[in-house]
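**Student:** Let me see the structure of the following:
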Amino acid sequence: MPSEFEKPTIYEVAERAGVSIASVSRVLQNKPGVSEATRKMITSVMQELGYVPSNAARGLAGCRAGIIGLIFPDLDDPSMESGHETLLYFDEIIRGAQRAARQEGIAVLIAATHSASGRELALSIASKVDGLVVMARSVPEVDMRSLATRIPTVLLAADRHISGVDYLIADNEGGAAAVTRHLVEYHKYPTVKFIGGPSNSPDSRARFRGYCKALALANLEVPKSPWMAGDFTEASGRRIAKVILSKGSLPRSVVVGNDQMAFGMMKVLISEGIKVPQEVAITGFDDLPVARYLQPGLTTVRQPMRQLGAESIRLLLVRLGGATSPQSVTLPTELTLRQSCGCVNDDY
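**Tutor:** Next up is the predicted model:
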């Protein structure tokens with residue numbers, strides 16, 4: 001029995017009625033192939049559980065597969081000493097997508113692309129599913145354009161320039177602007193540097209734009225490019241910290257492009273006797289669960305990772321339900337203050 005906080009799903013209806021999901025779908029679609037006795041039993045179970053299918057789910061029930069594909073970049077990061085942290089961002093999105101899909105009685109096919117196999121894998125999956133959710137940098141743009149003409153597609157964390165595609169992003173620009181303003185206006189740090197992610201990452205570019213806008217509003221010099229850049233892994237954060245130490249002078253504060261790089265930087269700096277935040281204030285982006293347990297706790301920007309996954313399913317279902325106009329949705333982010341920026345509990 002579903003809890004009071006969750007909608008009952010088509011799976012639970014089928015299990016309670018002792019029938020297949022296909023039978024429940026036929027009843028929902030008012031299609032033949034189900035006896036009158038079975039139809040009445042399924043209807044009774046739906047009423048008992050309070051199952052109310054969405055219009056989008058009704059539309060999907062008539063599709064050829066009842067499966068949605070989720071495509072992400074390669075989740076295996078051998079550079080990480082603690083590889084599970086690398087997976088947390090994608091894992092949270094996947095969990096949100098799976099839960100939303102499950103509530104609508106939809107199966108999810110998840111695949112991680114390698115640079116050499118992204119096109120072939122995407123094309124293979126597209127032939128087996130009713131729609132695709134694709135993370136930025138998973139599939140070459142030329143292939144994404146081709147896929148979008150063949151199958152409903154939602155792009156996550158990508159630049160908006162492919163027609164016919166639904167786009168879903170977090171407010172990276174606003175989040176980076178908020179944390180930069182906090183360092184500049186609240187703490188009044190004389191220097192605030194930005195460490196970006198990969199140059200081809202739309203998220204990294206948006207976060208740098210937000211950082212620059214905050215500096216401009218404070219009448220501070222705006223750089224043309226990030227001070228340094230990594231690849232969004234903890235290992236690259238460690239490498240950057242070693243480069244900073246080799247320069248012999250520390251910036252007073254640093255806006256780091258994501259939590260994992262911030263973790264790596266803090267680990268190296270603290271191991272070398274550098275005090276965070278007394279000598280260098282550090283912030284991240286994502287608010288991975290481990291951020292709150294660091295010493296000091298990491299000030300960061302929380303993005304709604306599970307909501308991104310769930311919303312991607314909703315957008316796809318709207319298209320599969322008959323909508324023809326693609327949508328572009330931006331989910332809000334939230335500044336989360338902890339000790340690494342110089343705040344203490346009484347400050348917030």
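
**Student:** Extract the C-alpha trace of the host helix or strand of V133 and format it as PDB.
**Tutor:** Per DSSP states H and E: V133 is located in strand 131-135. The C-alpha trace of strand 131-135 is given here as PDB (Å, rounded to 0.1, in the frame of the first residue of the first chain):
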ATOM      1  CA  GLY A 131      11.300   9.300 -25.600                       C
ATOM      2  CA  LEU A 132      14.800  10.400 -24.400                       C
ATOM      3  CA  VAL A 133      16.200  12.400 -21.500                       C
ATOM      4  CA  VAL A 134      19.800  13.300 -22.400                       C
ATOM      5  CA  MET A 135      22.300  15.000 -20.200                       C
END
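
**Student:** Pairing partners for it, with directions?
**Tutor:** Strand 131-135 has the following strand partners under DSSP bridges: strand 67-73 (parallel), strand 153-156 (parallel).

**Student:** so where do the helices sit in the stretch 201-348 of the chain?
**Tutor:** Along the stretch 201-348 of the chain, the stretches classed as helices by DSSP state H, counting those that start in this stretch are 202-217, 234-247, 259-271, 305-320.

**Student:** Quick check: buried residues in the shortest one?
**Tutor:** By neighbour count with 16 or more other C-beta atoms under 10 Å, helix 259-271 contains the buried residues D259, Q260, M261, A262, F263, G264, M265, M266, K267, V268, L269, I270. All C-beta atoms are positioned from the backbone trio N, CA, C, and that covers glycine.

**Student:** Please tabulate these in JSON lines and include distance to L245 and pLDDT as additional columns.
**Tutor:** Below are those laid out as JSON lines (distance: C-beta to C-beta, whole Å; pLDDT from 0 to 100):
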{"residue": "D259", "distance to L245": "21", "pLDDT": "95"}
{"residue": "Q260", "distance to L245": "19", "pLDDT": "93"}
{"residue": "M261", "distance to L245": "15", "pLDDT": "96"}
{"residue": "A262", "distance to L245": "16", "pLDDT": "97"}
{"residue": "F263", "distance to L245": "17", "pLDDT": "96"}
{"residue": "G264", "distance to L245": "13", "pLDDT": "96"}
{"residue": "M265", "distance to L245": "10", "pLDDT": "97"}
{"residue": "M266", "distance to L245": "13", "pLDDT": "97"}
{"residue": "K267", "distance to L245": "12", "pLDDT": "96"}
{"residue": "V268", "distance to L245": "7", "pLDDT": "97"}
{"residue": "L269", "distance to L245": "7", "pLDDT": "97"}
{"residue": "I270", "distance to L245": "12", "pLDDT": "97"}
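
**Student:** ok, of those, which one's closest to G174?
**Tutor:** Distance to G174, by C-beta to C-beta, is smallest for D259 among the buried residues of helix 259-271, at 17.5 Å.
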